[in-house]
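# Structure for this input, please:
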Amino acid sequence: MTTISADGSANFRFVDRAIKRFSGQRDPARLKVLDFGCGTGSLVERLCELFYDAYGCDTVKCWSETSVAHRLFEITVNPYRLPFPDDEFDAVVSISVLEHAANKHEVFEEVHRVLKPGGISLHLFPSKWYLFTEPHVYVPLMSWFWPYVPRWWLALWAIMGLRAPFQRQLTWREVVAANLEYARTGLSYWSNRRYRHLALKTFGNYASPMTFYVDQADGGVAKLVRRLPGKTLLAALSGAVRMKFIVIRKLVAAA
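Below you'll find the model as predicted:
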């Protein structure tokens, strides 16, 4: 799996509200939370400021000078395993991570393993049809084409000079090769139906409370939708073509 994480701290208010709502626990100090795909650890830092017992993990160590570095851990990728014991967390959250995880079955199984019985996992990620331009390599409609991104499409934009800052010194052929590899290993856009199927298989339950998302998120589209009539329908549509929010719970075993 290749994880290229977004800065989840921009969503920390929504994450705080969602954890409290779906865990049923209003006191952050009583909750142990994992940011899966933590990137630089900024969301972990913000959650700790709110008094959560928060930790993070990622496949690549991209944190250094941060006050929460001791709370951030690398994920073992072969075999794939989160660096925590069983039944450890009350909540696992991810922000713009699942669209990069090629091994979603392993991810869900590991999230299930580290959650306490009754614990929740909350995932916020872009729809396949949301991003007009891929934000990491700047290629238009890359997520729309995925998994079969045409070489000619990548070549067109590379020849025109559209590329990420870290690709400025590459030839257009090198840019095309790099973007093909990124499409193969760095992107994994699933339909909402596939996420539902995997959640039911792994956890036995699945919810997509999009009305909660548009009521509580800070983004401009969410703010617009909650002012319009037909909010429930518009919220569902938002989940199909923009950001999707899902909630999955680890069931408590019957006595």
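
# for this protein, which spans come out with low pLDDT?
Applying pLDDT under 70 to the chain flags residues 1-9, 254-255.

# helices and strands around the longest strand belonging to it, which ones?
Longest strand in the chain by number of residues (criterion: DSSP state E): strand 115-126. For strand 115-126, the elements it packs on are helix 12-23, strand 89-95, strand 243-249, judged by 3 or more Cβ pairs under 8 Å, 6 or more residues apart in numbering; DSSP states H and E. The C-beta positions use only the backbone N, C-alpha and C, and glycine is treated the same way.

# winner for burial among those?
Ranked by mean neighbour count under mean count of other Cβ atoms under 10 Å, the helices and strands packed on strand 115-126 are led by strand 89-95, which reaches a mean of 26.

# Let me see the domain layout of the chain.
8-128+190-249, 143-185 (automatic domain parsing).

# winner for burial among those domains?
Most buried among those, counting by mean count of other Cβ under 10 Å: domain 8-128+190-249, with a mean of 18.

# Give me the distance between that domain and the centre of its chain.
The chain centre lies 6 Å from the centre of domain 8-128+190-249; the measure is Cα atoms, centre = their mean, to the nearest Å.

# Which stretches in the protein count as strands?
Counting by DSSP E, the chain has strands at residues 32-36, 53-58, 72-74, 76-77, 80-81, 89-95, 115-126, 243-249.

# Of all those strands, which one comes closest to Gln169?
Among the strands of the chain, the nearest to Gln169 by Cβ to Cβ is strand 53-58 (26.9 Å).

# what's the angle between the closest one and helix 12-23?
Here the directions of strand 53-58 and helix 12-23 differ by 110 degrees (axes from the mean of the first three to the mean of the last three Cα atoms, to 10 degrees).
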